[in-house]
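In: attaching a predicted model along with its sequence, questions to come.
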Amino acid sequence: MVVAGKKVLVFGSGISGIGAVKLLEENGADVVLYDGNEKLTEADVRAKLQEGSKARIIIGAFPEELPNTLDLVILSPGVPTDLPIILKMKEKEIPVIGEVELAYTFGKGDVLAITGTNGKTTTTTLLGEIMKAYQDDVFVVGNIGNPYTVAADLMTEHSIAVAEMSSFQLESIVSFRPNVSAILNYTPDHLNRHHTMEAYIAAKENIARNQTEDDYCVLNYEEPVMRKFAETLKCHVLFFSSQHKLEKGIYLDNDKIIYKNPDEVEVCHVDELQILGTHNYENVMAAVCMAAVYGVPMETIRKAILAFKGVAHRIEYVAEKNGVVYYNDSKGTNPDAAIKAIQAMRRPTILLGGGYDKDSEYTEWINSFDGKVKKLILMGATKEKIARDCEKCDFHDYVYVDTFEEAMNLAVEMAEPGDAVLLSPACASWGMFPNYEVRGDKFKEIVNSL
């Protein structure tokens, strides 16, 4: 793609948009950066751009005459593709692509890309660790907080990009073609953007749309829609499964991860891993399978997965103190996410819950306790609402506290050797903390000071 001398609009001034401006200017484009958020100022946006940037900045109302001057439009992931102004530009036959497509065009080397509703960040981070153990020139990019556009110009023919891809990013690809792709799972999400589950799934499926018979796609055997999708692909398909023994692929069998392609290899026993829960074993299987088909030796893969401690704030092992193991799942900000954490526990558990009220229902979460939760310590705006749901579910082992520090002191006092203390609040942190990261860091600080 030649952008030198072209007038290019970057739509959205978030981290991806700023990365796109830098990449375009480094390749000679005349850039206009637009953001509809009227609360921003030009000075705010200019401060985020690279030194010496000549990009024109427009905030607020979109100028009607602007499309007449444009050669190309780059959409940030947060910008819906069906906005009226975007549709008008498409009608004028102005090419409209996403920042992933832009980065892919300028990036070099191979791409291993992962999507799915849950587990993307864990799987991408783990695969990044495996690939870094295999070679030096590895970039972990995408929806994981490191824009693909920022790394693209640094890549060589020998680079490997391990990319986390959201449905928003995949909506606007054209030629993006990973050497190895994976789709982890589907649960309803972002339907305010995609409108239907079918459209959401179709966006995710774009990850493999351009793959050829030289490429690989790794899919979840437990998702019937993926089995059907596999039949439409030109590339090689391998499945991972936590419930079925597969003729070819990677699967869980008596708590052992087995890779079979075509020879059968025992990768590890799940008790050797430092991350917990069936959902995490699926993430490990996906990452192992992607690395194996790329050609990474199994011994390299095995060392990397056994050393992997997980992603911060996601069922993160913190420490063992006085025979009690402490886990930080501060990112469990809704009941669905918090259920995964409870299911992963293998010890009697003191659970810290509650926080900001997002109008969630908590009965399914409480019913998932399954005899594991010795005591539920409730805090924040939702504590009484959760308590009412506890009573509905005939669960009475809960107690109220007023502060996070009080919750921690009580958990430490109640926990006995052999127990776990789990922060998995099923609620957002607002009202008590600025975000879930600060909440999780406070938990770790208190535990490490014990």
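Out: Everything's here; your move.
In: tell me the pLDDT of the residue of the chain most remote from its centre.
Out: Ranked by distance from the centre of the chain (C-alpha atoms, centre = their mean), the top residue is residue 65, with 37.9 Å. The model reports residue 65 with a pLDDT of 91.
In: measure it to residue 383 for me?
Out: Residue 65 sits 55 Å away from residue 383, taking C-beta to C-beta, to the nearest Å as the criterion. C-beta coordinates here come from the backbone N, C-alpha and C atoms, glycine included.
In: circling back to that earlier point, need phi/psi at the residue farthest from the centre of the chain.
Out: Note on residue 65: backbone dihedrals following degrees, to the nearest 10 are phi -80, psi -10.
In: ok, it to residue 87 distance?
Out: 17 Å.
In: ok, now residue 18?
Out: Distance from residue 18 to residue 87, by C-beta to C-beta: 25 Å.
In: where in the chain is pLDDT low?
Out: By pLDDT under 70, the low-scoring segments of the chain are 187-195.
In: mind running it again at 80?
Out: Scanning the chain for pLDDT under 80 picks out 78, 118, 186-195, 197, 358.
In: list the contacts of stretch 403-416.
Out: 323-324, 348, 350, 352, 374-375, 377, 379, 399, 401, 421, 432-433, 439, 442-443, 446-447, 450 (C-beta atoms under 8 Å, 6 or more residues apart in numbering).
In: that stretch: how far from the chain's middle?
Out: In terms of C-alpha atoms, centre = their mean, to the nearest Å, the centre of stretch 403-416 is found 31 Å from the chain centre.
In: how many residues are close by residue 97?
Out: 19 (other C-beta atoms under 10 Å).
In: strands paired with the strand or helix carrying it, and their directions?
Out: Using DSSP states H and E, residue 97 sits in strand 96-98. Strand partners for strand 96-98, identified by DSSP bridges, are recorded as strand 72-75 (parallel).
In: next one: the longest helix along the chain to chain centre, how far?
Out: Longest helix of the chain, by residue count under DSSP state H: helix 278-294. Averaging C-alpha coordinates over helix 278-294 and over its chain gives two centres that are 15 Å apart (C-alpha atoms, centre = their mean).
In: moving C-terminal of that helix, what's the next helix or strand?
Out: helix 298-307.
In: run the angle between that following helix and helix 278-294 for me.
Out: Between helix 298-307 and helix 278-294, the angle comes out at 160 degrees (axes from the mean of the first three to the mean of the last three C-alpha atoms, to 10 degrees).
In: all strands of the stretch 51-200 of the chain, in order?
Out: Along the stretch 51-200 of the chain, the stretches classed as strands by DSSP state E, counting those that start in this stretch are 56-59, 72-75, 96-98, 110-115, 138-142, 160-164, 180-183.
In: just how off-centre is the second one within its chain?
Out: Think strand 72-75. On C-alpha atoms, centre = their mean, the centre of strand 72-75 falls 24 Å from that of its chain.
In: likewise for the shortest one?
Out: The chain centroid and the centroid of strand 96-98 are separated by 22 Å under C-alpha atoms, centre = their mean.
In: quick one: contacts of that strand?
Out: 72-77, 81, 86, 89-90, 168-169, 171-174.
In: how is this structure carved up into domains?
Out: The record's domain split for the chain, according to automatic domain parsing, is 7-94, 101-307, 316-448.
In: could you point out which of these sits nearest residue 1?
Out: domain 101-307 (4.3 Å; C-beta to C-beta).
In: what distance separates the closest one from the centre of its chain?
Out: Distance, centroid of domain 101-307 to centroid of chain: 12 Å (C-alpha atoms, centre = their mean).
In: ranges for the strands of the stretch 251-400 of the chain?
Out: Under DSSP E, counting those that start in this stretch, the stretch 251-400 of the chain gives strands at 256-260, 264-269, 316-321, 324-328, 349-353, 373-378, 398-400.
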